[in-house]
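Asks: sequence plus predicted model, see below.
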Amino acid sequence: MPPTLASLVHHSALKLTVRAGEDRLDVPVRWAHVSELADPVPYMEGGELLLITALKLDAEDPETMRRYVRRLAEAGVVGLGFAVGVNYEDIPKALVDAAESEGLPLLEVPRRTPFLAISKAVSAAIAADQYRAVTAGFAAQRELTRQAMTDGPAGLLTALAAQLDGWAALYDASGAVVAVAPDWAERRAGRLTADVERLRDRPPPASAVVGGEDRVELHSLGSGRRARAALAVGTAAALGTAERYAVHSAIALLTLTTQRSRSLYAAEQRIGAAVLRMLLAGEPDHARAVAGALYGELLDAPFRLILAESASASAARARVDAAEGAAGAEPGAEAGAAGSERMTAAGLAAVDPAGDLLGQLAEVLEAAAARAGEAVLVVPDGERLVVLAVDGGAAVAACGEFAVALETARAGAGRDSVSVSASASSSASASVEEEELVAGLSAPAGPIAAGAAYKQAEQALSVARRRGRCLVEHEELAAGSVVPLLGDDAVRAFADSLLRPLREHDATGRGDLVDSLRAWLSRHGQWDAAAADLGVHRHTLRYRMRRVEEILGRSLDDADARMELWLALKTTAAAGE
């Protein structure tokens, strides 16, 4: 405890006597200062015990003393020490009355007690208090370190809450509560998600104080450009020196335990990239041996493969795919072993979490997996992100929530920035106008089928790109229709070219060959049923189908010809033609 007026009064060597303000002696004293100025207030900071002999004061004038004492009280002076036997044999009644009126403690200092003795007593008490605070801080640091080493962040928070006589909570990068102590504070900690998100956007170290049921301090954790976690401490009052030491120690320890070093993170990414290459190359046994304890459990259960890329990169890739398609190549044919060749050294650079949505997605998936105790493999691959995540796990769910948040933002008014409150999707709070993201999710697979999963994810990504969706799962492709996949310019151009001769014929008014062809194909070549749909005789319909064959130069007995004509009709119908 810092020195107080009461502790000075009880100091046996000082022999101080209380003459006014007996009920306010528990006020802390920041310093003892001597001043004989008629107005010492400009030189006060507040919290001082002012020592005077009234050398330049008319201490017997009531009005002068009222003004003098009022100024001292308003400046935050906590007490007035008056030396008797120097200029006055006793404290003048005017000064005593003024001190009583203002509630300012007035201490009588005997002639044999020099002001220097009082200053030394205050200084020694302050130094002793600071020493106790430092000693308590070091003790707290040792205890927090021991708890962090034995029980991890949860044990550290428990020890910190005990040190502060309050509560403490740890948040991940998305603003979700990771751990809290004691348990009763979980609800209070959960209310601070929005405040943690705002703090996260400031470069660390950053802190903030928020009000509520408690006085809560928020501190960001991390040494990079973006906070990786946050610490909240709630107390009934402002922190003292010892408590401040404990909080600073907790910040340092939590930063060490929650943020891996850059070299370690880069090493983990190199291992992850190597594991992925081996899986795509069809070497699951080698991949499992390299994965070890770091990613091994991910290969022991069904996993999903996620491919994500920025919309700008996706648009460029779509143009390449279209060119390959025109040349007869199959888009996505490079998946599998060829896909592993694209895992270049440049793709091993760490994702910048303060950058585009790919970085945010990586951060969300890693945070969700960490909270759930799951393994997740996140590998940057140039302008893409390749992820292996446990099927049905938290990372896959977080990916879906992130995509929903972006879809909502895209459909929102003015494509403004969107703020998402869910634990995983909160990181999708970004300006969709600046960048967008598309992703494909494979079906569940095992290590032996990683190449097929990569191809599935790439196919789903291609569909997401075509449909303007943020995320498409491979299962959706079989559940839907193939027609929406034919909506690009090349397919429409083919359909228009194939059907143009029939439309030109119909435009002359000599028949309805397009509608007749559609009816005949929809009825699987059943003449009577198709003719009934058209309201014509079956011989008329037979004549029209012969004209279709003559105009197109193709036989309707050819299954490929019937298929191409049907798809052309469906494509033009979907385009509203």
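Replies: Structure received.
Asks: so where is the stretch 351-500 of the chain shaky, pLDDT-wise?
Replies: Using pLDDT under 70 as the threshold, the predicted model of the stretch 351-500 of the chain has low-confidence ranges 351-356, 412-435, 478-490.
Asks: redo that, cut-off 50
Replies: 351-355, 413-434 (pLDDT under 50).
Asks: show me the strands in it, by range?
Replies: 376-381, 384-390, 437-441, 471-473 (DSSP state E, counting those that start in this stretch).
Asks: can you put those in JSON lines and add distance to V86?
Replies: All C-beta spots, glycine's among them, are computed from the backbone N, C-alpha and C. Formatted as JSON lines, the entries for the strands of the stretch 351-500 of the chain read as follows, by distance: least, CB to CB, whole Å:
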{"stretch": "strand 376-381", "distance to V86": "78"}
{"stretch": "strand 384-390", "distance to V86": "81"}
{"stretch": "strand 437-441", "distance to V86": "80"}
{"stretch": "strand 471-473", "distance to V86": "85"}
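Asks: could you redo these as CSV and give each row distance to A507 and mean neighbour count?
Replies: Converted to CSV, the strands of the stretch 351-500 of the chain look like this (distance: least, CB to CB, whole Å; neighbours: other CB atoms under 10 Å):
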stretch, distance to A507, mean neighbour count
strand 376-381, 51, 23
strand 384-390, 48, 24
strand 437-441, 41, 28
strand 471-473, 39, 23
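Asks: thought V233 was touching R215?
Replies: No. Applying CB atoms under 8 Å as the test, V233 and R215 come out as separate, 9.0 Å apart.
Asks: mind checking which of the two has more residues around it?
Replies: V233 (25 against 16; other CB atoms under 10 Å).
Asks: can you confirm that one is in a helix?
Replies: No. The assignment for V233, made by DSSP: H, G, I helix; E, B strand; the rest coil, is strand rather than a helix.
Asks: let the chain start at 24 from now.
Replies: That works, and once the first residue is 24, the last one we named lands at V256.
Asks: who's it bridged to?
Replies: V256 has the following beta-bridge partners by DSSP bridges: A191, E240.
Asks: just to revisit the earlier point, tell me which of the strands of the stretch 374-523 of the chain lies nearest to R221.
Replies: Go through the strands of the stretch 374-523 of the chain one by one with CB to CB and the one that ends up closest to R221 is strand 460-464, at 23.3 Å.
Asks: so which elements touch the closest one?
Replies: Here strand 460-464 touches strand 326-333, helix 334-349, helix 380-395, helix 417-434, helix 473-490, strand 494-496, going by 3 or more CB pairs under 8 Å, 6 or more residues apart in numbering; DSSP states H and E.
Asks: reformat those as CSV; add distance to G175.
Replies: Rendered in CSV, the data for those read as follows (distance: least, CB to CB, whole Å):
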stretch, distance to G175
strand 326-333, 26
helix 334-349, 39
helix 380-395, 12
helix 417-434, 19
helix 473-490, 33
strand 494-496, 34
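Asks: which stretch among those comes nearest H562?
Replies: Checking the helices and strands packed on strand 460-464 against H562 by CB to CB gives helix 334-349 as the closest, at 41.8 Å.
Asks: can you classify the spatially closest residue to A177 that is not a sequence neighbour as helix, strand or coil?
Replies: Leaving aside its sequence neighbours, A177 sits nearest to A202 (CB to CB, 6 or more residues apart in numbering; 4.6 Å). At A202, secondary structure determined by three-state DSSP is strand.
Asks: for V201, list the residues it contacts.
Replies: Residues counted as contacts of V201 (CB atoms under 8 Å, 6 or more residues apart in numbering) are P176, L193, Y194, D195, A252, A393, R394.
Asks: excluding chain neighbours, give the residue nearest to the fourth one in space.
Replies: Counting by CB to CB, 6+ apart, the nearest residue to D195 once its immediate chain neighbours are dropped is A390, at 4.5 Å.
Asks: what about the one you found, neighbour count?
Replies: Burial of A390, expressed as a neighbour count using other CB under 10 Å, amounts to 27.
Asks: in this structure, which helix has the most residues?
Replies: helix 138-187 (DSSP state H).
Asks: for the regular element (helix or strand) spanning T594, what is the distance to the chain centroid?
Replies: Secondary structure from DSSP states H and E places T594 in helix 582-597. How far helix 582-597 lies from its chain's middle: 48 Å, per CA atoms, centre = their mean, to the nearest Å.
Asks: does anything pack onto it? Which helices or strands?
Replies: helix 512-530, helix 536-545.
Asks: what's in contact with the shortest one?
Replies: So the one you mean is helix 536-545. 522, 525-526, 528-529, 550, 553, 556-557, 559, 564, 567-568, 570-571, 574, 585, 588-589, 592.
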